[in-house]
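[1] Make a model of this:
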Amino acid sequence: MDTFWDDVDRHLVRYGGTFTREIIDSASGSFLFTEDGRRVLDFTSGQMSAILGHSHPRIVETVQRQIANLDHLFSGMLSRPVVDLARRLSDTLPAGLSKVQLLTTGAESNEAALRMAKLVTGKHEVVAFARSWHGMTAAAAAATYSAGRKGYGPAAPGNFAIPAPSGDWQAQLDLAFDLIDAQSVGSLAACIVEPILSSGGILEPPVGYFAALSEKCRERGMLLIFDEAQTGLCRTGTWYAFERDGVVPDILTLSKTLGAGLPLAAVITSAEIEAEAHARGYLFFTTHVSDPLVAAVGNTVLDVLTEERLDERAAKLGAFLRNGLDDIAAKHDLVTDVRGRGLLVGLEIADESLSAPITQRCLDLGLHMNIVQIPGMGGVFRIAPPLTATEEELALGLGVLDEAIGAA
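    The predicted structure is shown next:
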C-alpha cells in the first residue's frame, strides 16, 4: 500500500497553506503530469519562475553539460559562466547598472540589496509597500507586509509601510512620506518596491508614480531598489517592467525568472555604489554565491529570450490572454477587474468565499491556478503562464477558468 500521504502527514513541515493533493511525477512545456496520469496546465509557471516552461531542452542540455564539468566552487573562486552572465545582464540594462552579484533566491538578493543600501548610505530605515512580498529572511521579511508578520516577534527597527497607490496617488504618496518623516529618526536608507505587486494582487502603479517615488527618495538621500523577481526578463512584454516608467533604480534585484525555475538570483547596481560598498567592507559571502552551474543556466535563459524574442511574444500572448479574460469578465458578474501587463495578469472576483472552490474546480478540470486572498478584496487569480506557451494552451486555460467561474 502506498504510504505517500501518510508520510507527508508524518514527516513534512507545513510551510504555508495546504499541499495540493496530487503527486506530480513530471513536467514538460506548459504542463504538469501527475503520477496517476492526469495532465495539468500550469498557469503559474511553477512558483512564477519557469518562464521557458518545464524541462526546456536548452536548459536540460545546459544542466547536463555543466554539472558534468563544473557545478560548485569555493565562494571566492570565479568561472567563465559567472562573468559571462554578469556582463550579459549588464548589457540588457541602462548604462548605470553595470555591477552584478549572483546569488540564489529572491529573498537572498533582496537581503543583499538592503544590506548594501544600509552600508553605502550609513543609515538603516527601509520603506516598502503595504502589500509587498520581498522574502522570508530577516531584512526581506521586515520589508514584507502582505503576509507573515504575526507571531514572530519584532521585525528589525526602522521599517515603514506606505500604501500601494490608488485613487489620488500623488496626494496619497505625499501624505505617506509626511508620516514617514514624522516617524523617522533621520536614518532613511532605502525604498524597496515591486514594479507590479504580485502577492499584493497584481497591482500596477500608474505611469508617473515611480518617477514621483524616485524624487521622494532623492530628497531624503535614499536608494531606490526595484525587486523584479516576477516582472524581470520579458514577462511583462519588455525586458524589465521599470522600462515603462523611464525610472532607473539604484539597485535592481532579479530572481525567479532569471533561473527559469532553478535557484538563481542577482543584485545589480552602479559602479559608484559598488565602489562605495566595497570601500566600506561590503560582506555578503554565501555558500552558493557565483555558482557556475546556475550561472550557465542563466546564460542559456538569456540566449533563448533573445533568439526567440520572448519580450515581443509575451506582449502578443499577453494581449491574447487579456482579451480572453475580458470576455470572461463580461460574462460573469463575479469578476470585478482584470489587470496586469504582458503575461502577468490578475483576475479579481468579488466573493472571497468562492476563491478556493473555483481554484479546486480548475484543478479538477486540469488547470493549476493561484489565488491571492486579501482582506477588503474578494480574491485575485494570479495568471503567469510560461512565455513559451501557445495561444492554444492559453485558450485551453481560459476555457477551464470560464467554466469554473460559471459553476461557482
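[2] Where do the strands of the stretch 101-250 of the chain begin and end?
    Along the stretch 101-250 of the chain, counting by DSSP state E, counting those that start in this stretch, strands occupy 125-129, 159-162, 188-193, 223-227.
[3] quick check: mean pLDDT across the last one?
    Computed over strand 223-227, the mean pLDDT rounds to 99.
[4] can you check the third one too?
    Per-residue pLDDT over strand 188-193 has a mean of 98.
[5] Determine the set of other helices and strands touching that strand.
    Under the contact criterion of 3 or more Cβ pairs under 8 Å, 6 or more residues apart in numbering; DSSP states H and E, strand 188-193 touches helix 106-121, strand 125-129, helix 209-219, strand 223-227. For the C-beta atoms, the positions are set from N, CA and C on the backbone; glycine is no exception.
[6] Go again with 10 Å.
    helix 106-121, strand 125-129, helix 138-142, strand 159-162, helix 169-183, helix 209-219, strand 223-227, strand 251-254 (3 or more Cβ pairs under 10 Å, 6 or more residues apart in numbering; DSSP states H and E).
[7] Highest mean neighbour count out of the ones you listed?
    Ranked by mean neighbour count, the helices and strands packed on strand 188-193 are led by strand 251-254 with a mean of 28 (mean count of other Cβ atoms under 10 Å).
[8] Just give the strands next to it in its sheet, each with its orientation.
    Each strand paired with strand 251-254, and its direction, by DSSP bridges: strand 223-227 (parallel), strand 265-269 (antiparallel).
[9] Now do the last one against helix 106-121, angle only.
    So that's strand 265-269. Relative orientation of strand 265-269 versus helix 106-121 (axes from the mean of the first three to the mean of the last three Cα atoms, to 10 degrees): 20 degrees.
[10] Extract the C-alpha set from strand 265-269 and format it as PDB.
    Extracted C-alpha coordinates of strand 265-269, given in PDB (Å, rounded to 0.1, in the frame of the first residue of the first chain):
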ATOM      1  CA  ALA A 265      19.200  35.500  -8.400                       C
ATOM      2  CA  ALA A 266      21.100  38.700  -9.000                       C
ATOM      3  CA  VAL A 267      21.800  42.000  -7.400                       C
ATOM      4  CA  ILE A 268      22.700  44.700  -9.900                       C
ATOM      5  CA  THR A 269      23.900  48.200  -9.200                       C
END
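[11] need the next SSE after that strand, C-terminal direction.
    Sequence order places helix 271-279 as the next helix or strand after strand 265-269, per DSSP states H and E.
[12] what does that following helix contact?
    For helix 271-279, the surrounding residues in contact (Cβ atoms under 10 Å, 6 or more residues apart in numbering) are 95-101, 115-122, 223, 250-251, 267-270, 282-284.
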